[in-house]
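Participant: Based on what follows, work out the 3D shape:
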Amino acid sequence: MARAVVISAVQSFRDVVLAPLQEPGTPEQRLAGMAAALSAFYDGGKDACILALMTVGEGRDVLAPEVRVGLQGWIDALSSVIEDAGQPEAVARERAQNAVARIQGALVLARGLGETAVFERTVEDLPRDLLT
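Facilitator: Okay, the predicted model is just below:
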């Protein structure tokens, strides 16, 4: 059951959040589209990340492959757009990993503090931070 939930969550994330990264447009436009979709997907930081929740407790070992696929897909998609903007592969991958870490951390802070400003700011700054 938990595996099916994670697989469904990963697919929904791809369909909603990662889709703008594959659309035509400049890297800036594609990242801005992803940022808007990300904000909507997590309700401005009010909703928790199902992948993060599934890495706690017993689910960690059982669901690790599915969680890894979801996170790696996100990193790969971001890295590709950053490379399209002219960054070397190693720089693009590092920036993509850092972006995912920042977003996940912002979600934890937003939920823990009961205020979404940190998530909103992180998402808003993301396109600029990834490309400069």
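Participant: contacts, neighbours, all on C-alpha from now
Facilitator: OK.
Participant: Stretch 19-39: how far from the chain's middle?
Facilitator: Distance, stretch centre to chain centre, for stretch 19-39: 12 Å (CA atoms, centre = their mean, to the nearest Å).
Participant: can you list contacts of that stretch?
Facilitator: 16-18, 45, 77-78, 81-82, 84-85, 120, 123-124, 126-128, 131 (CA atoms under 8 Å, 6 or more residues apart in numbering).
Participant: Try it again at 7 Å.
Facilitator: Val16, Val17, Leu18, Gly45, Ala77, Val81, Ile82, Asp84, Ala85, Val123, Glu124, Pro127 (CA atoms under 7 Å, 6 or more residues apart in numbering).
Participant: cool, stretch 68-86 as well?
Facilitator: With CA under 7 Å, 6+ apart as the criterion, stretch 68-86 contacts Val10, Leu18, Leu21, Pro27, Glu89, Ala92, Arg93, Ala96, Gln97, Leu130, Leu131.
Participant: Which of those residues sits closest to Glu66?
Facilitator: Val10 (8.1 Å; CA to CA).
Participant: residues in contact with that closest one?
Facilitator: Gly70.
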